[in-house]
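Q: here is a sequence together with a model predicted from it:
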Amino acid sequence: MKFKEWFKTIIFYEIFVGMKATMSHLLRYKPITLQYPHEKRALPDNYRGMLALLRYDDGTEKCVGCDLCEAACPSRVIRVVSAEVPGEPTKRYSKEYYMDMTRCLFCGMCVDACPVDALGMTQEFEWAVYDKRQLHLNKQQLLAIGDRSFPVREKRLELQHPNVAFFNVSFGHVPQKPS
Amino acid sequence: MTELSLRLAISVAQIAAVMGVVMLTVMILTLAERKVLGWMQDRMGPMEVGPYGVLQPIADGLKLFFKEDIVPAGANKFMFTLAPILAMVPALIGFAVIPFGPSQPFEFFGITVKPFVISDINIGILYILAFTSIGAYGIILGGWASNSKYSLLGGLRSAAQVISYELNVGLAIVGVLILAGSLSLVKITEAQGGGFWHWYVFALPAPQIFAFVVYVISAVAETNRVPFDLPEAESELVAGFFTEYSGMRFAFFFIAEYANMVLVSCVAAAMFLGGWNAPYPGTILGHMGLEQFAWAENIAWFTVKAYAFLFLFFWLRATLPRLRYDQLMKFGWKVMLPIALGNIVVTSIAAYLFPKG
């Protein structure tokens, strides 16, 4: 037994085992890497990419300006300036909505926190820019991202659930109960 | 006068041809190394420049050529400039005595020309050993002149390593020299003709297989390649002795490293693996009656042997991790040196008992 180990040492047995392994990879060459800009891998459905603001199918914004996303965000990416809908004191909306994507860590907690599902995470990840300020997004830009990434939009909540009373979403176009 | 100028012209032409081939080989090697390493690690290697990345060396060369040439503050400017030249010139100058093909001299306007060796000096192998030792000065000076602790440490390591392992290279070669009875690489190669059983790795009465193993390991160590790349250990010393170098100066060190690889491969092929001799008696083209084209086959065999050796460098690099420094020294002095010395003793006794007929 001792002799066997000694013999293995002097003929570099372990090195030859290792070299056989590398050679087998060379002979059965099957790259596991992708030529990234030319070919892209399929992303999983729950991929947490760029954040976006969503709209209802009639084009109105989902966001009700509740600030919960701002509270949930661990790295203070989001800043919401909430305001009343003019003429409708019970209704609020986000007058301004900023995201500083340089700080975002894509945890998705803002999406979880949103009570009206106004935030979504897209599959976009190619957001390298030359100017860092381009990652400071305002409401229009976030809505544009949402528009291009989520073409299929939801109906308004009160139309999805006609039997539930929504006290704070009474837009003028919502069908009124016949009196 | 005309004879002298003609001789000069022929020499210059030969030197230009060999330099061109060596530089081309270096270019191919830089690509081949990345490709082979990639394939062995399930990657693709460079793929962007040209089809399958074959133009990558040109892109690299252009990039290095146009890079800013930085001399660090506090560096010894003269030494800093001298070091890359001192590293590259010895690596390239060694090719002067390598026989790339059969050396039947032919008459050219009244001058005998040996077409495939620039100069057949009778101490060829000694010349190569001497000049590769000078190459170590380039590395050491480069490390010292950079005024950086990483460079200095890399240079010092390199000094110790090159001294330890050049000894083994020299001693491993002695066995072959005893058998061949000559220091001229042309004569050594010619003595190995007539089939692979005449190559000095396998040749009776004293097969130099142990010397060959010692030579291969020491050659890897001498050219500072993985697993003996302690002078440029990326994980410890940023890049070792050329940490502070950029642009063309870095390219010089780079070329020197690869030219050294080619040189030790050529020497290994010439000393142990029969040089340009085919592994069967004669040449196929010669047997077919095309004796005047047999040199092409011989050169092809030399190329195959040298490239097989170069492939071994890449293969080792893909397989082995770096040695620790004390392991390196211990291995060099306590394992390689006794084997080389023992090989000399055995070879001498065998050569004495069975002298060549």
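A: Structure's in. What do you need?
Q: and the longest helix anywhere in chain A, what does it pack onto?
A: If you go by DSSP state H, chain A has its longest helix at helix A:13-27. Secondary-structure packing of helix A:13-27 (3 or more C-beta pairs under 8 Å, 6 or more residues apart in numbering or on different chains; DSSP states H and E): helix B:2-40, helix B:294-319. Yep, even glycine has a C-beta here, placed from its N, CA and C like the rest.
Q: tilt between that helix and helix B:294-319?
A: Here helix A:13-27 points in a direction 110 degrees away from that of helix B:294-319 (axes from the mean of the first three to the mean of the last three C-alpha atoms, to 10 degrees).
Q: could you list the buried residues of the helix or strand just after helix A:13-27?
A: Next helix or strand after helix A:13-27 toward the C-terminus (DSSP states H and E): strand A:51-53. Neighbour counts over strand A:51-53 (16 or more other C-beta atoms under 10 Å in any protein chain shown) mark A:51-53 as buried.
Q: B:Ala203: which of those residues is nearest?
A: For the buried residues of strand A:51-53, the minimum distance to B:Ala203 (C-beta to C-beta) is 73.7 Å, reached by A:Leu51.
Q: show the contacting residues for the closest one.
A: A:99, A:101, A:104, A:106, A:110-111, A:119-122, A:142, A:145 (C-beta atoms under 8 Å, 6 or more residues apart in numbering or on different chains).
Q: touching chain A at all, the helix or strand that contains B:Leu62?
A: Counting by DSSP H and E, the element that carries B:Leu62 is helix B:56-66. No: counting by C-beta under 8 Å from any C-beta of the partner chain, chain A has no neighbours in helix B:56-66; the shortest distance is 14.3 Å.
Q: distance to chain B for the contacts of A:Leu51 - can I get that in JSON lines?
A: Formatted as JSON lines, these follow (distance: C-beta to the nearest C-beta, whole Å):
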{"residue": "A:Met99", "distance to chain B": "34"}
{"residue": "A:Met101", "distance to chain B": "29"}
{"residue": "A:Cys104", "distance to chain B": "30"}
{"residue": "A:Phe106", "distance to chain B": "27"}
{"residue": "A:Cys110", "distance to chain B": "37"}
{"residue": "A:Val111", "distance to chain B": "36"}
{"residue": "A:Leu119", "distance to chain B": "38"}
{"residue": "A:Gly120", "distance to chain B": "35"}
{"residue": "A:Met121", "distance to chain B": "31"}
{"residue": "A:Thr122", "distance to chain B": "28"}
{"residue": "A:Leu142", "distance to chain B": "34"}
{"residue": "A:Ile145", "distance to chain B": "30"}
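Q: mind giving me the PyMOL command for buried ones among these?
A: Listed next is the PyMOL selection for buried residues among the contacts of A:Leu51, using 16+ other C-beta under 10 Å:
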select buried, chain A and resi 99+101+104+110+111+119+120+121+122+142+145
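Q: any idea which element A:Tyr97 lies in?
A: strand A:88-100.
Q: again with A:Glu84
A: Residue-wise, A:Glu84 maps onto strand A:78-85 under DSSP H and E.
Q: point out where the stretch 201-350 of chain B drops to low pLDDT.
A: Residues of the stretch 201-350 of chain B that meet the criterion pLDDT under 70 lie in B:233.
Q: what ranges do the helices span in it?
A: With DSSP state H, counting those that start in this stretch applied, the stretch 201-350 of chain B shows helices at B:209-222, B:247-271, B:284-287, B:294-319, B:325-330, B:337-353, listed in chain order.
Q: list the contacts for the closest residue to A:His25 other than its chain neighbours?
A: Counting by C-beta to C-beta, 6 or more residues apart in numbering or on different chains, A:His25 lies nearest to B:Met40, which is 5.2 Å off, once chain neighbours are set aside. Listed by C-beta under 8 Å, 6+ apart, the contact partners of B:Met40 are A:22-23, A:25-26, B:314-315, B:318-319.
Q: rerun at 6 Å
A: A:22, A:25-26, B:318 (C-beta atoms under 6 Å, 6 or more residues apart in numbering or on different chains).
Q: and stretch B:320-329 with chain A, contact?
A: No: judged by C-beta under 6 Å from any C-beta of the partner chain, stretch B:320-329 and chain A are separated, with a smallest distance of 6.7 Å.
Q: the residue most central in space within chain A and A:Val111, how far apart?
A: Among the residues of chain A, A:Met121 comes closest to the average C-alpha position under C-alpha atoms, centre = their mean, at 2.3 Å. Shown here: A:Met121 relative to A:Val111, a distance of 6 Å by C-beta to C-beta, to the nearest Å.
Q: rewinding a little: contact partners of the strand holding A:Tyr97?
A: Contact partners of strand A:88-100, identified using C-beta under 6 Å, 6+ apart, comprise A:63-65, A:77-85, A:136-139, A:168.
Q: mind giving me the ChimeraX command for buried ones among those residues?
A: To isolate the buried subset of the contacts of strand A:88-100 in ChimeraX, counting by 16+ other C-beta under 10 Å, use the following:
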select /A:63,64,65,77,78,80,82,137,139
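Q: coming back round to it: now the strand holding A:Glu84 and strand A:88-100, what's the angle there?
A: Using the same axes, to 10 degrees: strand A:78-85 against strand A:88-100 is 160 degrees.
Q: sheet-wise, list the partners of strand A:78-85 with their directions.
A: Taking DSSP bridges as the criterion, strand A:78-85 forms sheet pairs with strand A:88-100 (antiparallel).
Q: buried residues, the partner strand. List them.
A: Of the residues in strand A:88-100, those buried (16+ other C-beta under 10 Å) are A:91-94, A:97-100.
Q: make TSV from the helices and strands packed on helix A:13-27 and add distance to B:Tyr245 to it.
A: Below are the helices and strands packed on helix A:13-27 laid out as TSV (distance: least, C-beta to C-beta, whole Å):
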stretch	distance to B:Tyr245
helix B:2-40	17
helix B:294-319	21
